[in-house]
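K.L.:
coordinates only, no sequence provided:
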């Protein structure tokens with residue numbers, strides 16, 4: 001739930017390097033902006049030529065979107081395995097990126113992944129970006145700014161160094177060093193927990209916020225933070241990439257739907273996106289993409305516009 005995961009070297013090398021010395025990371029982007037996490041275990045690239053354009057759905061796409069023949073999608077490529085930078089240091093990959101390609105093909109458009117800081121995507125929808133696909137959790141607050149089309153579900157996971165050496169108790173995080181990505185729903189939750197700590201007269205949570213999930217993860221690997229909080233598929237992928245350095249703490253919490261974001265009130269584009277996603281669900285393409293990335297546990301079978309739950 002970006003909620004959030006955030007380059008030119010493989011992530012395993014990054015975190016192992018961070019655990020041994022102050023090696024740092026390097027940034028790369030196919031749009032000259034943000035960077036992502038590359039991975040040595042990326043799934044095979046999705047071939048959008050297997051998807052057919054649906055002329056009825058394509059006709060729904062507003063002229064301001066299709067005038068240049070592209071579907072420009074804002075995404076934060078630091079959130080593996082949903083969206084991150086591949087081993088070549090410049091190409092966006094991940095299950096959200098593959099869904100972007102498939103949705104664009106259904107609409108008869110060319111996909112263009114535009115890399116951005118996560119918290120800058122929503123303000124740019126309808127101007128800089130046609131839509132946003134970046135593991136956005138559907139929340140009432142976000143629905144005040146943009147429309148949503150649901151396409152996935154995920155929970156949140158706490159992650160510590162293996163063995164939980166700092167003896168973190170997620171029921172009482174007052175005084176604990178916690179890392180989280182900026183602009184995520186997890187950050188919102190932690191801010192609320194911090195308010196309760198203060199109200200109870202306890203030490204405040206030592207909240208460490210980072211623009212990139214890779215930095216969040218590295219903070220725990222090198223001991224700067226005792227625990228991080230992130231989307232469950234992101235946390236699981238981070239654990240896998242650190243080769244045993246990290247482990248989940250407790251069960252996943254708060255499974256919630258994620259959505260593609262669309263310009264607020266753009267009913268025509270809402271419908272085009274919803275029908276495109278539903279078509280991919282119905283013809284099996286959606287499931288194949290999720291299975292390819294090992295994240296089919298978050299699959300849903302109905303794409304909805306602005307769900308009220």
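P.N.:
Received it, and whenever you're ready, just let me know what you need. Since the structure is predicted, the reported quantities are computational estimates derived from the model, not experimental observations.
K.L.:
only C-alpha atoms for contact and neighbour calcs from this point on.
P.N.:
Fine.
K.L.:
which stretches of this protein form strands?
P.N.:
70-75, 78-79, 83-85, 92-93, 110-115, 131-137, 146-161, 177-181, 206-210, 227-231, 246-263 (DSSP state E).
K.L.:
which elements pack onto the fifth one?
P.N.:
In terms of contacts (3 or more C-alpha pairs under 8 Å, 6 or more residues apart in numbering; DSSP states H and E), strand 110-115 is packed against strand 70-75, helix 95-106.
K.L.:
lowest-confidence stretch among the strands of the chain?
P.N.:
Least confidently modelled of the strands of the chain is strand 78-79, at a mean of 86 by mean pLDDT.
K.L.:
strand partners of it, parallel vs antiparallel please.
P.N.:
Looking at strand 78-79 with DSSP bridges, its partner strands are strand 83-85 (antiparallel).
K.L.:
which parts of the strand it pairs with are buried?
P.N.:
Of the residues in strand 83-85, those buried by neighbour count under the rule 16 or more other C-alpha atoms under 10 Å are 83-85.
K.L.:
for that strand, the distance to its chain's centre please.
P.N.:
9 Å (C-alpha atoms, centre = their mean, to the nearest Å).
K.L.:
in the stretch 201-309 of the chain, where is pLDDT below threshold?
P.N.:
309 (pLDDT under 70).
K.L.:
how about residue 94, phi and psi?
P.N.:
The phi/psi pair for residue 94 (degrees, to the nearest 10) reads phi 130, psi 170.
K.L.:
tell me the spacing between it and residue 233.
P.N.:
Spatial separation of residue 94 from residue 233 under the definition C-alpha to C-alpha, to the nearest Å is 12 Å.
K.L.:
what touches both of these two?
P.N.:
Residues within reach of residue 94 and of residue 233 at once, by C-alpha atoms under 8 Å, 6 or more residues apart in numbering, are residue 81.
K.L.:
now for the longest helix that the chain contains, which elements pack on it?
P.N.:
Looking across the chain with DSSP state H, the single longest helix is helix 267-283. Judged by 3+ C-alpha pairs under 8 Å, 6+ apart, the packing partners of helix 267-283 are helix 55-60, helix 95-106, strand 146-161, strand 246-263, helix 285-292.
K.L.:
7 Å instead?
P.N.:
Applying 3 or more C-alpha pairs under 7 Å, 6 or more residues apart in numbering; DSSP states H and E, we find helix 267-283 packed against helix 55-60, helix 95-106.
K.L.:
buried stuff in that helix?
P.N.:
Buried, per 16+ other C-alpha under 10 Å, within helix 267-283: 269-281.
K.L.:
quick check: residue 91 touching residue 85?
P.N.:
Yes - with contact defined as C-alpha atoms under 7 Å, residue 91 and residue 85 form a contacting pair (5.5 Å).
K.L.:
just to revisit the earlier point, same list (the strands of the chain) but as JSON lines, adding distance to residue 194.
P.N.:
Output for those, formatted as JSON lines (distance: least, C-alpha to C-alpha, whole Å):
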{"stretch": "strand 70-75", "distance to residue 194": "29"}
{"stretch": "strand 78-79", "distance to residue 194": "25"}
{"stretch": "strand 83-85", "distance to residue 194": "30"}
{"stretch": "strand 92-93", "distance to residue 194": "35"}
{"stretch": "strand 110-115", "distance to residue 194": "31"}
{"stretch": "strand 131-137", "distance to residue 194": "21"}
{"stretch": "strand 146-161", "distance to residue 194": "16"}
{"stretch": "strand 177-181", "distance to residue 194": "11"}
{"stretch": "strand 206-210", "distance to residue 194": "9"}
{"stretch": "strand 227-231", "distance to residue 194": "14"}
{"stretch": "strand 246-263", "distance to residue 194": "18"}
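K.L.:
do you know how far the most centrally placed residue in the chain is from residue 152?
P.N.:
Geometric centre of the chain, nearest residue: residue 135, 3.5 Å, by C-alpha atoms, centre = their mean. Going from residue 135 to residue 152 by C-alpha to C-alpha gives 8 Å.
K.L.:
how about residue 123?
P.N.:
From residue 123 to residue 152 the distance is 22 Å (C-alpha to C-alpha).
K.L.:
higher neighbour count, those two?
P.N.:
Between residue 123 and residue 152, counting by other C-alpha atoms under 10 Å, residue 152 is the more crowded of the two (25 against 13).
K.L.:
list the contacts for the more buried one?
P.N.:
257-259, 298-300 (C-alpha atoms under 7 Å, 6 or more residues apart in numbering).
K.L.:
among those residues, which one lies nearest to residue 184?
P.N.:
Set against residue 184, the nearest of the contacts of residue 152 by C-alpha to C-alpha is residue 258 (12.2 Å).
K.L.:
kindly provide the distance from the residue nearest to the closest one when sequence neighbours are not counted to residue 129.
P.N.:
Distances taken as C-alpha to C-alpha, 6 or more residues apart in numbering place residue 137 nearest to residue 258, at 4.2 Å, with adjacent residues excluded. The spacing between residue 137 and residue 129, counted by C-alpha to C-alpha, is 18 Å.
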